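*Asks:* A predicted structure for the sequence below; I have some questions about it.
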Amino acid sequence: MSESRRAWDHLLATLGEVGERFAGPEWAIAAPDDEAEALRVLLHHLATGVETQLEQDPARPTFRAIVTPWRKALGDNADARYHDALVDPAGTYRIRGRTGGAVYVSITVEAGAADGAFPSGTVGVLNDTEFDVDDDGAFEVVLGGPPRERGWLALADDASRLTVRHYWEQVDSPSRPPAPDLALEIELIDGDVASPPPAPTDASVAAAIERMATYVRSRTLEAIAKPGEGEPPPFVSREPHTFPPPVRPGAHALAAADAAYSMAPYLLGPDEALVMTARWPECRCANVSLWNRQMQTFDYLRGPVSLNRAQAVAEPDGTIRIVLAHADPGVPNWLSTEGRPFGLVFWRFMLPAGEIATPTAEVVPAASLG
């Protein structure tokens, strides 16, 4: 049996195991719609694995979209676009791109993910206060090699992948066509970095398929704790409608180190609504998003399922009152549940200054909101 055939069989076995366990009772999946959603996110992970893991070359890297409106995972965002590239710590790389009207841009370096595994942590962060941006939004950054005064980020010995984040604060999602052209490119400019063979071989294809299997497994069975198990991050509440104080995630892998987060689930009956009260802090940008239990955004190209500061209507005293309901209650700042009785509410505050007021929430009869 060839190496690639053996790897292919392993990928199929991995998909079968993940489909059986992650979309089953072991992860408290019972209802048909919940099972369908778990299988859907498995397919989204597989698609992202094909996009980012199958064909890659650290000597000739290219940026790939991590999520799209039709391929979602790991807490995507209606107001952001995320791109990924493979790097080798032995190399020095130049990144060029454009802000595309984004109000915040950052580059993070992830460790321990060269084989498709979930990153072990974030080992470098550079945001747009630390590199120069031209009047037309163009920027250039160097990673690795000798230190530079600005626009430079070290590559740690275990550096493996980059994430470039662009955040917008506008009425329309930046993922709605026509999306801004970010012109992202990355080039190896120094260093001895091995490249895969020019023509695929049995060994190189086998390695690529194994990366895909590792990618899928590490983002399901190994990344998502079973319900009630493990200790959630400090910004995550398991109690419906009770938000923890927003905090920065630190070196939490794949998190934006410049952000403060707060998350809690919602649980609503057919005639109930959730009224959330918050105050936007002084920050670069902020939003609140709705996710399903698989940390996928609701359909933001179809309905109001997230709000940023450009979209939300504030009260005269500066507070914001956001209503989460199954149907439009005819009030400002409605977030649609899409008819889902359960979901996750996630707040993001980028580059916050000072204290952030903790959002509060109250369940009310939907009929009382007219």
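*Replies:* Good, I have the coordinates.
*Asks:* Only the buried residues of stretch 292-309, if you could.
*Replies:* For stretch 292-309, a neighbour-count test (16 or more other Cβ atoms under 10 Å) marks 292-298, 300, 305-309 as buried. In this view, the C-beta of every residue, glycine as well, is placed from N, C-alpha and C.
*Asks:* neighbouring contacts of stretch 48-63?
*Replies:* 64-67, 71, 73, 83-88, 91, 93, 116, 164, 184-186, 188, 193-196, 208-209, 211-212, 215-216 (Cβ atoms under 8 Å, 6 or more residues apart in numbering).
*Asks:* Any chance of the buried residues of stretch 292-309 in a markdown table with pLDDT and distance to Val323 as columns?
*Replies:* Output for the buried residues of stretch 292-309, formatted as a markdown table (pLDDT from 0 to 100; distance: Cβ to Cβ, whole Å):
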| residue | pLDDT | distance to Val323 |
| --- | --- | --- |
| Asn292 | 98 | 19 |
| Arg293 | 96 | 22 |
| Gln294 | 97 | 24 |
| Met295 | 97 | 23 |
| Gln296 | 98 | 22 |
| Thr297 | 99 | 19 |
| Phe298 | 99 | 15 |
| Tyr300 | 98 | 17 |
| Val305 | 99 | 13 |
| Ser306 | 98 | 14 |
| Leu307 | 99 | 10 |
| Asn308 | 98 | 16 |
| Arg309 | 98 | 17 |
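*Asks:* three-state assignment of Ala206?
*Replies:* When classified by DSSP: H, G, I helix; E, B strand; the rest coil, Ala206 comes out as helix.
*Asks:* Quick check, it in contact with Glu3.
*Replies:* Yes: Ala206 lies in contact with Glu3 (Cβ atoms under 8 Å); the separation is 3.7 Å.
*Asks:* any common contacting residues for these two?
*Replies:* By Cβ under 8 Å, 6+ apart, no residue touches both Ala206 and Glu3.
*Asks:* And the contacts of stretch 323-330?
*Replies:* 266, 268, 270, 273-276, 290, 331, 333-337, 339, 345, 366, 369-370.
*Asks:* any low-confidence regions in this structure?
*Replies:* 250-255 (pLDDT under 70).
*Asks:* switch the cut-off to 50
*Replies:* In the predicted model of the chain, no residue satisfies pLDDT under 50.
*Asks:* What does the closest residue to Leu182 other than its chain neighbours show for phi and psi?
*Replies:* Among residues not flanking Leu182 along the chain, Gly100 sits closest, at 4.8 Å (Cβ to Cβ, 6 or more residues apart in numbering). As for Gly100, its main-chain torsions (degrees, to the nearest 10) stand at phi 60, psi 30.
*Asks:* Gly100 contacts Pro174, correct?
*Replies:* Yes: in this structure, Gly100 is within contact of Pro174 by Cβ under 8 Å, at 7.2 Å.
*Asks:* Find the residues that touch each one of these two.
*Replies:* His166, Pro180.
*Asks:* roughly how far apart are Glu26 and Glu229?
*Replies:* Using Cβ to Cβ, to the nearest Å, Glu26 is found at 11 Å from Glu229.
*Asks:* These two: which is more packed in?
*Replies:* Glu26 (12 against 6; other Cβ atoms under 10 Å).
*Asks:* The more buried one reaches Gly228, doesn't it?
*Replies:* No: applying Cβ under 8 Å, one finds Glu26 not in contact with Gly228, separated by 12.0 Å.
*Asks:* Which segments of the chain make up each domain?
*Replies:* As assigned by automatic domain parsing, the chain contains the domains 1-55+196-224, 58-193, 259-369.
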